[in-house]
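In: got a predicted model here, sequence first, then my questions.
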Amino acid sequence: MRSSMSFILKYINKKPWFLLGYATLFLESLTPIIAILLQRDLIDRVFIDRQYQEFSMLILLYSIFFFAPKLLFTVRRVTFYHIGYHLQMSLTKEFLLKVYELPAEIFNKEHVGKLLNNIRNDISDASDVAVNQLMSESVKILLTIIFLSYSIAYISFTMFLVVIAVSVIYYFLLHKFGEKTKQYSQRVREEKSNVSVTIEESISAVREIVAYNRQDWQMKNFENKFHCYFKAILREGLYKTKILFVSEPFLYGTKIIVILFGGMRAISNNVSLGAFVVSFTLVDQLVTELGHLFQQGLMGKRLVASVNCIQSVMGEESTEFGTLEFDSQIDSIQFRNVTFRYSPDSEPILNNLSIDFPIGKKVALVGESGSGKSTIIQLLLRAYSPEKGDISINGVPVHNYGEQYSDKISVVFQQPHFIPSSIKENLVFDKVYQQGEIETICKEMLCHDFIQGFPKQYGTEVGERGTTLSGGQKQRLALSRAILKNTEILILDEATSALDTETEYRVQQNIDKLRQGKTTIIIAHRMSTIQNADFIYVLDKGRVVAQGTHETLMTESLIYKELYTFQQVC
Ligand SMILES: Nc1ncnc2c1ncn2[C@@H]1O[C@H](COP(=O)(O)OP(=O)(O)OP(=O)(O)O)[C@@H](O)[C@H]1O
């Protein structure tokens, strides 16, 4: 638990707030005990010794010390919530930054739903348990236990020894039950995460599920996952009940011992009636607080489980990029003898592949589905590293460049993503462009008219994944975004596949005009899209099998000719 706490502490940036929090917490722990101790004077001096003149003063003091903790509790809560929310925010930010740095293969292993679950549940759970429970509530309980023990020792040392014995036994119980509790908690987390993943998938694939009438199958799938989650919760609950079965009788047994022991001493006049009543109240309170501390100990195990889940992502190795400045113009893009596979036990996708992308030209990659075209793009975007060979720009391995690398390349995929914000925001991101500049590009990409057709025009909100737009509209918007960025390299990976042939032709013409003299790499199954490229690479099973212009390939490459003629026939 110590390592989990030190992990959390790294992200707390509101340390001065602790001062206020702990000052109120100190007073909040002390004041109720003073209120209890005042009861002894109330009984012994007012009721037994009949000093009635002290009655009103003692009642006033009692009321103050009785009500003060309620006020202090509110101040403490607000203070620690403040710390907790800031912790949650900085931890989430760090988590997201880490996700951006992760190598692409993580997203194959770790489901996006799982990552979302980390953000939604584990981070908020860890922040809440660490700050509001362990740093606040546990410290308050510990302080209360110390004050109570001191007060008990002051009244009766023998009772204090009983209390010590109870504490020691509690400590061993916690040790015995703690590890198992952590395991049950972890299991609940995993099952909950599986349920989240299933829900996330059900919603993302809603169209396919309805179209294929798979609702019942999906519900069954969800039921199975939920059943496992429920079973995990049940097991955790049963275990918690088992803990209560052991700890509760032990608590009540202690109270009975104190009544017996204290009562006998009061009967034999060894302690005053007031001292007996107060010491019993103190012990009663102490035993309750020990029970709370025990629960906090189990909470600590919950924290460890949450932190473990967060660390499983935060602990992953980030993709290592260099820091090399990238100010110069691009004059070469080379793949040299590149071999690549997605996982060590699978077949290579690219086989000793060498490509020189001509600079300032429109270059196309064609080949059958699965021949490795998109993989080449992923490697150029540095999402993966090759197993063998080099990928370099201006003779420097691409991984050596720093952040400026991404300013050199823009990319449009077949299914572009948008942030839930306005069309304009999605076009510019954090860059500043004149409205006229944006509109000119949008006109060229044939999306200005449909944007103007929306009631809020460029201020129209697009939902997550651009749900308010059609497939073709999304692609044209994504093209505008990329063209606006005006990078030295533009990659279009099936970027116009959702457009009808005529619109695609017009958009392509305009891209060619705007990208004159700049490097554009294009992948498309529709041969008419790539036909006018300056240079075409034909791929087959991860190798370049032919290269040249459309005219030369039609005479020299059987594969290319077949791809072309087949589409003409269809
Ligand atoms: N993330 C991935 N993890 C594992 N295998 C992958 C991954 N992406 C692609 N592959 C595999 O790599 C091979 C090449 O895929 P790639 O997407 O590069 O081909 P492509 O030529 O672009 O195909 P298409 O024209 O259908 O888009 C395929 O066999 C595919 O199954």
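Out: Yes, it's here.
In: where in this protein is pLDDT low?
Out: 1, 14, 108-113, 463-467, 567-570 (pLDDT under 70).
In: near the ligand, which residues of it?
Out: Asn108, Tyr342, Ile349, Gly367, Ser369, Gly370, Ser371, Gly372, Lys373, Ser374, Thr375 (C-beta under 6 Å from any ligand atom). No exception for glycine: its C-beta is placed from N, CA and C like everyone else's.
In: go again using 5 Å as the cut-off
Out: Tyr342, Ile349, Ser369, Gly370, Ser371, Gly372, Lys373, Ser374, Thr375 (C-beta under 5 Å from any ligand atom).
In: quick one: mark the members of those residues that sit in strands.
Out: Of the positions in these, not one sits in strands, assigned by DSSP state E.
In: hmm, which two among these are most spread apart?
Out: Greatest spatial distance among the residues of the chain next to the ligand (C-beta to C-beta): Tyr342 and Ser369, at 16.1 Å.
In: between the two, which is the more surrounded one?
Out: A direct count of neighbours by other C-beta atoms under 10 Å for Tyr342 and Ser369 places Tyr342 higher, at 15 against 7.
In: that one against Ile349, yeah?
Out: Yes - if you go by C-beta atoms under 8 Å, Tyr342 and Ile349 touch, sitting 6.5 Å apart.
In: which neighbours do those two share?
Out: Common neighbours of Tyr342 and Ile349, counting by C-beta atoms under 8 Å, 6 or more residues apart in numbering, are absent.
In: the stretch 451-570 of the chain: strands as residue ranges?
Out: Counting by DSSP state E, counting those that start in this stretch, the stretch 451-570 of the chain has these strands, from start to end: 461-462, 489-493, 519-523, 535-540, 543-548.
In: redo the ones you listed as CSV? Include mean neighbour count.
Out: As requested, the strands of the stretch 451-570 of the chain are exported to CSV (neighbours: other C-beta atoms under 10 Å):
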stretch, mean neighbour count
strand 461-462, 17
strand 489-493, 23
strand 519-523, 23
strand 535-540, 21
strand 543-548, 17
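In: want to throw these into JSON lines with distance to Lys443?
Out: Output for the strands of the stretch 451-570 of the chain, formatted as JSON lines (distance: least, C-beta to C-beta, whole Å):
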{"stretch": "strand 461-462", "distance to Lys443": "19"}
{"stretch": "strand 489-493", "distance to Lys443": "18"}
{"stretch": "strand 519-523", "distance to Lys443": "20"}
{"stretch": "strand 535-540", "distance to Lys443": "29"}
{"stretch": "strand 543-548", "distance to Lys443": "35"}
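In: just list the residues touching Phe245, thanks.
Out: Applying C-beta under 8 Å, 6+ apart, no residues contact Phe245.
In: assign it to helix, strand or coil.
Out: Following DSSP: H, G, I helix; E, B strand; the rest coil, Phe245 is assigned to helix.
In: cool, Pro344 as well?
Out: Once three-state DSSP is applied, Pro344 turns out coil.
In: please report phi then psi for it.
Out: For Pro344, the backbone dihedrals (degrees, to the nearest 10) come out as phi -60, psi -30.
In: how many residues are close by it?
Out: Residues lying near Pro344 (other C-beta under 10 Å) number 6.
In: mind giving me the domain split of the chain?
Out: 2-181+241-314, 333-569 (automatic domain parsing).
In: now do the same end-to-end measure for the first one.
Out: It refers to domain 2-181+241-314. End-to-end distance of domain 2-181+241-314: 18 Å, with C-alpha to C-alpha, to the nearest Å as the criterion.
In: how far does it sit from its chain's centre?
Out: Counting by C-alpha atoms, centre = their mean, to the nearest Å, domain 2-181+241-314 is centred 29 Å from the centre of its parent chain.
In: the last one too?
Out: Relative to its parent chain, domain 333-569 has a centroid offset of 30 Å by C-alpha atoms, centre = their mean.
In: and the contacts of the helix or strand hosting Lys140?
Out: Assigned by DSSP states H and E, Lys140 falls within helix 139-155. Helix 139-155 is touched from outside by 22, 25-26, 28-30, 32-33, 36-37, 76, 159-160, 163-164, 167, 271, 275, 278-279, 282-283, 285-286, 289-290, 292-293, 296, with contacts defined as C-beta under 8 Å, 6+ apart.
In: next step: those residues restricted to strands.
Out: Short answer: these have none in strands (DSSP E).
In: what subset of the residues you listed is buried?
Out: Buried by 16 or more other C-beta atoms under 10 Å: 22, 25-26, 28-30, 32-33, 36-37, 76, 159-160, 163, 271, 275, 278-279, 282-283, 285-286, 289-290, 293, 296, out of those.
In: phi, psi of the closest residue to Thr198 other than its chain neighbours?
Out: Spatially, and ignoring its direct neighbours in sequence, Thr198 is nearest to Lys225 (4.8 Å; C-beta to C-beta, 6 or more residues apart in numbering). Torsion angles at Lys225 (phi, psi; degrees, to the nearest 10) stand at phi -60, psi -40.
In: neighbours of Lys225, how many?
Out: Residues near Lys225, counting by other C-beta under 10 Å: 19.
In: and Ser193, by the same measure?
Out: 23.
In: same check on the one 5 residues further on?
Out: As a burial measure, the neighbour count of Thr198 was computed by other C-beta under 10 Å and equals 20.
In: that one belongs to a strand?
Out: No - using three-state DSSP, the secondary structure at Thr198 is helix, not a strand.
In: let me know the secondary structure of Asp390.
Out: Assigned state for Asp390: strand (three-state reduction, three-state DSSP).
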